[in-house]
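A.B. asks: model this:
(chains A and B)
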Amino acid sequence: SQQGEEDPQALSIQEGENATMNCSYKTSINNLQWYRQNSGRGLVHLILIRSNEREKHSGRLRVTLDTSKKSSSLLITASRAADTASYFCATDAGNQGGKLIFGQGTELSVKP
Amino acid sequence: GAVVSQHPSWVICKSGTSVKIECRSLDFQATTMFWYRQFPKQSLMLMATSNEGSKATYEQGVEKDKFLINHASLTLSTLTVTSAHPEDSSFYICSASLWGGYTFGSGTRLTVV
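C.D. replies: You can find the predicted model right below:
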């Protein structure tokens, strides 16, 4: 079952612009993770934010988490054409044997 | 870092045949592995949780007799799609869990003709 929604479903921006993707979920979580997937490929782990954290940074990535609203956002600053990919959030409830439930994903296209 | 090798990366099979997909943790022992299915332009749907030495736990709606999972060792889990049909064509991805971290295989593109 899907955990929640991501928006937008698709996002097209110019190189150098910032890209913001949002994720909502339904149940209580232990942590929330963001992954990147290039077309037809496996997933690459980007960043993990725990339920007691509100914001986390990693290079050009900034993730926020609002557990009261059950939502998270991923910001990619100064985007590059190589950032073109699908981005998924995934939640770990912490009490389900470690399984991750993925959001619908956002397809990001960065035009040079 | 932890590496998960998934094989094959793509396979084409005839309707009615069975296909086995392997997922190996190369440099660590994975007590738990997860199998996901992804249709084009869609998200990953968890199919089952594979635990070493015990039966897999299947998600609701996933046919356990059709998608056989075997986790015979701490480094290998296999997914066998039995009597495959065109509607089983999809991208299958495994994931290994170690101390709360997750590593994904590169996926297997299955096409049933």
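A.B. asks: not counting sequence-adjacent ones, nearest residue to A:Asp7?
C.D. replies: Spatial nearest neighbour of A:Asp7, chain neighbours left out: A:Asn22 (5.2 Å); criterion: Cβ to Cβ, 6 or more residues apart in numbering or on different chains. In short, each C-beta sits where N, CA and C put it, glycine included.
A.B. asks: swap that for A:Leu100, sorry
C.D. replies: A:Ala90 (4.1 Å).
A.B. asks: each with direction, which strands does the one helix or strand that neighbour maps to pair with?
C.D. replies: Assigned by DSSP states H and E, A:Ala90 belongs to strand A:85-92. The strands that strand A:85-92 pairs with in its sheet are strand A:31-37 (antiparallel), strand A:100-102 (antiparallel), strand A:106-111 (antiparallel) (by DSSP bridges).
A.B. asks: if we can go back for a sec, surely the residue nearest to A:Leu100 is in contact with A:Gly98?
C.D. replies: No. Using Cβ atoms under 8 Å, A:Ala90 is not in contact with A:Gly98, being 11.5 Å away.
A.B. asks: more neighbours: which of those two?
C.D. replies: A:Ala90 (26 against 20; other Cβ atoms under 10 Å in any protein chain shown).
A.B. asks: OK, contacts around that one?
C.D. replies: A:Ala90 makes contacts with A:3, A:32-35, A:100-103, B:44, as judged by Cβ atoms under 8 Å, 6 or more residues apart in numbering or on different chains.
A.B. asks: run through the bridge partners of it.
C.D. replies: A:Gln33, A:Phe102.
A.B. asks: follow-up on the earlier one: okay, the contacts of A:Ala90 in CSV with pLDDT and distance to B:Ser73 next?
C.D. replies: Output for these, formatted as CSV (pLDDT from 0 to 100; distance: Cβ to Cβ, whole Å):
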residue, pLDDT, distance to B:Ser73
A:Gln3, 58, 31
A:Leu32, 94, 31
A:Gln33, 95, 27
A:Trp34, 96, 31
A:Tyr35, 95, 27
A:Leu100, 89, 23
A:Ile101, 90, 27
A:Phe102, 93, 27
A:Gly103, 92, 32
B:Leu44, 93, 25
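A.B. asks: to what extent is A:Leu46 buried, counted in neighbours?
C.D. replies: 18.
A.B. asks: hmm, back to that, and which of the contacts of A:Ala90 is nearest A:Gln14?
C.D. replies: Nearest to A:Gln14 among these: A:Trp34, at 22.1 Å, using Cβ to Cβ.
A.B. asks: dump the residue contacts of the residue lying closest to the closest one once chain neighbours are set aside.
C.D. replies: In this structure, A:Trp34 finds its nearest non-sequential neighbour in A:Leu46, 4.4 Å apart by Cβ to Cβ, 6+ apart. By Cβ under 8 Å, 6+ apart, the contact set of A:Leu46 is A:33-36, A:58, A:61, A:74, A:87.
A.B. asks: for residue 77, give me the pLDDT.
C.D. replies: The chain I'm using is chain A. What the model reports for A:Thr77 is a pLDDT of 98.
A.B. asks: if you could check chain B rather than the one you did, that'd help
C.D. replies: At B:Ser77, pLDDT is 93.
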